[in-house]
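>>> I'd like to go over a predicted model; first the sequence, then the structure.
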Amino acid sequence: MTDQPLLVAAKERFAPWLIEPMLRNRQTYIKVAMAAAMINLFALVSSLFTMTVYDRVVPNDASSSLVGLSIGLGIIIIFDFILRLLRVYFVDIAGANIDYEVGDRLFAKIVALRLDQRRGSTGTLTGLMRELETLRDFFASATLTAFIDVPFILVTLGVIAMLGGVLVLLPLAMIPLVILAGLLTNPALDRLSARSLGDGLVKQSVLVETIGNLETVKASGAGPMLNERWREALNRHSHSSLGQRLLSSIAVTVASSANTIAYCGTIIVGVGLLRNHMITTGALLACSVLCGRSIAPLAQIATLLSRLSATRVAYRQINALMQTPSEGPAGDALKPVVQGRIELRNIAFRYPGASEKALDQLSLTIAPGEHVGFLGRVGSGKSTLARMVLGLYEPTEGAVLIDGIDVRQFDPAHLRHQVGASMQDHALLAGSVRENICLQRAHVDVDEMLRVAEISGTHRFMGQITNGYDLRLADRGDGLSGGQRQSISIARALAGRPPVLVFDEPSSAMDAQTEADLIGRLQEEIQGRTFLLITHRTPLLRLVDRIILLEQGRIAADGPRDAMLQRLTRGKVA
Ligand SMILES: Nc1ncnc2c1ncn2[C@@H]1O[C@H](COP(=O)(O)OP(=O)(O)OP(=O)(O)O)[C@@H](O)[C@H]1O
């Protein structure tokens, strides 16, 4: 994994992950559009009311007409109020639905992401997930209906022209100005939004790394260094966000000034027309109200465009992630019942961005039920080999076969049900110990959990812990000792009796007695199952019949356990 941020521009305009949930909510958006259209019509009616009052009611002192008109207007105001509420409600519903569906797809994508294709640190990825909120805010924003208001600008201008004649020229002259301000600032706004998002992701990255490793940060005294990184990230982000906000306020301010100019201009020019009896007082008042209404949607669109910039940038980043290849074959994935024969056929592997190959020209065959130990110096490729068997990484050359089938053809979830793994970091998940062992797997019930907990040694210390299996662990299993975490990790790997087991340093944090007890119980458990053991600890080698020695990603020696141990102790190999 490299730490480069995930800022790749994917040009596709509307990707299925976004357009499909939007289309599914089109009924709701149609309701929103209808409500917005009605609200626009009501606005026209209220300005015509002003005109009627000034031109008909006031000169004729027609109080009864005023009462009737007021009642009519009251009804319209109530409807307008209800429709405005409904508009917000419907937009919120659609926004929440889209947020849920897109969030769900994005999470599934992250879980299925091919590790060799992963770009960006943990913090960058979590920051990207946060960008979902930018998308949600856009789709759940009531200002979204400003687009529906645009056609009504023409209707409003038409009514102004009918009532006030040349007065229509004032708002008409302002509209291109507002549009121009939006168009001119938009490209720079796009750039600044992208920069601000990138800087935000760097900030998130420093934060996640620090909080996730707080104990190490404190113990190693890395605080000042991370503090410096944080300050730098804060500084950069606040600069780019400031620029973004300033620029986005230009178009909004131009729209608001244009509104004021058009309104005042209408009054000034209107008074001249009034003197020449070319319009009535009522028409002048109605035109001044309508003038504001014709420009208001543009001001909203200016706001919307600035949000659209941020939304577009967020969309592109999320889309780039969505287009990253997932695990598993492109066609139908296989879910065979596994016997446990493992073959590595001339494989080579280089981690993304690494200069050296971690594995090279490596071929070996492990028979079903065979127990094999992998030894080798630090960095010789043992854990990488385990990752290959689990299909976590694909070999750059060659193939890994289980029962003669390339692991790339397997359904990834099925493969990991067939291969029980206890990896070197023994990370547990937030939740109860029970959840950590069972992982909501249908075939792992309470009896099976207790059986594997007994074998792994978990059951012994569970009795001494308050809440036992219901003990809730913090992130990564905080709240337990290293050895206890290892024990639970072993129980998790054994649960469901997978035909293949891969154990990477399973007892490195255990005391000699606990380890000896574990070996005794595992001996029976692994009978008839393929067992791959990576270890630096000699006692564990009692569990294997064959030892393979790795050196710089290649096989340096391979043979029966006792013969290999003799050669190793005599220092003839290595
Ligand atoms: N995620 C990674 N990204 C890049 N390079 C890696 C990664 N993991 C391991 N490597 C490199 O691959 C090589 C093999 O690492 P691997 O973890 O397989 O060694 P190992 O034999 O298991 O070592 P150890 O006994 O210390 O666990 C090392 O040179 C290491 O630097």
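Good, I have the coordinates.

>>> Give the helix, strand or coil label for P395.
coil (DSSP: H, G, I helix; E, B strand; the rest coil).

>>> Is it in contact with I347, as I believe?
Yes: taking Cβ atoms under 8 Å as the definition, P395 is a contact partner of I347 at 4.1 Å. Quick note: C-beta positions are derived from backbone N, CA and C, even for glycine.

>>> Which neighbours do the two have in common?
Residues within reach of P395 and of I347 at once, by Cβ atoms under 8 Å, 6 or more residues apart in numbering, are L359, M388.

>>> If you count surrounding residues, which of these two has more?
I347 (24 against 21; other Cβ atoms under 10 Å).

>>> so the more buried one sits in a strand?
Yes: under three-state DSSP, I347 sits within a strand.

>>> Now do the contacts for it.
L359, L362, S363, M388, P395, E397, G398, A399, V400.

>>> burial count for the third one?
By that I understand S363. 12.

>>> Chain neighbours aside, what residue packs nearest to it?
Nearest non-adjacent residue to S363, counting by Cβ to Cβ, 6 or more residues apart in numbering: N346, 5.0 Å away.

>>> ditto for G398
I347 (3.6 Å).

>>> Distance check, the one you found against D55.
The gap separating I347 from D55 is 89 Å, by Cβ to Cβ, to the nearest Å.

>>> Please name the residues that touch the closest residue to the ligand within the stretch 401-550 of the chain.
Of all residues in the stretch 401-550 of the chain, Q424 sits closest to the ligand, at 5.9 Å by Cβ to the nearest ligand atom. Contacts for Q424 (Cβ under 8 Å, 6+ apart) come out as S383, D504, E505, S508, I534.

>>> ok so it is a strand residue?
No: counting by three-state DSSP, Q424 is not part of a strand but coil.

>>> What backbone torsions are found at it?
Main-chain dihedrals, Q424, degrees, to the nearest 10: phi -60, psi -30.

>>> What does the pLDDT read for the nearest residue to it once chain neighbours are set aside?
Using Cβ to Cβ, 6+ apart and skipping the chain neighbours, the partner closest in space to Q424 is D504 (4.5 Å). We have a pLDDT of 95 for D504.

>>> Show me what D504 bridges to in the sheet.
The partner list for D504 in beta bridges (DSSP bridges) reads I534.

>>> and it, how many residues sit next to it?
Neighbours of D504 using other Cβ under 10 Å come to 22.

>>> Outside of stretch 268-286 itself, which residues are in contact with it?
47-48, 50-56, 163-167, 170, 266-267, 287-288.

>>> distance between the ends of it?
Start-to-end span of stretch 268-286 (Cα to Cα, to the nearest Å) is 14 Å.

>>> got it, and stretch 547-564?
6 Å.

>>> Show me which residues of the stretch 301-450 of the chain are close to the ligand?
Y351, A354, A358, G376, V378, G379, S380, G381, K382, S383, T384, Q424 (Cβ under 6 Å from any ligand atom).

>>> So which bits of this protein are right by the ligand?
1, 351, 354, 358, 376, 378-384, 424.

>>> Heading C-terminal from whatever helix or strand T156 lives in, find the next helix or strand.
Element membership for T156 (DSSP states H and E) is helix 146-164. Following helix 146-164 in sequence order, the next helix or strand is helix 169-212 (DSSP H and E).

>>> For the helix or strand following that next one, buried residues please.
Of the helices and strands lying after helix 169-212 in sequence (DSSP H and E), the nearest is helix 214-220. Of the residues in helix 214-220, V217 count as buried by neighbour count, 16 or more other Cβ atoms under 10 Å.

>>> mean confidence score for the very next helix or strand once past helix 214-220?
With elements assigned by DSSP H and E, the helix or strand that comes after helix 214-220 is helix 223-275. Here helix 223-275 scores 86 as its mean pLDDT.

>>> Measure how the following helix or strand past helix 223-275 sits relative to helix 223-275, angle-wise.
The helix or strand immediately downstream of helix 223-275 is helix 281-322, counting by DSSP H and E. For helix 281-322 against helix 223-275, the angle by axes from the mean of the first three to the mean of the last three Cα atoms, to 10 degrees is 150 degrees.
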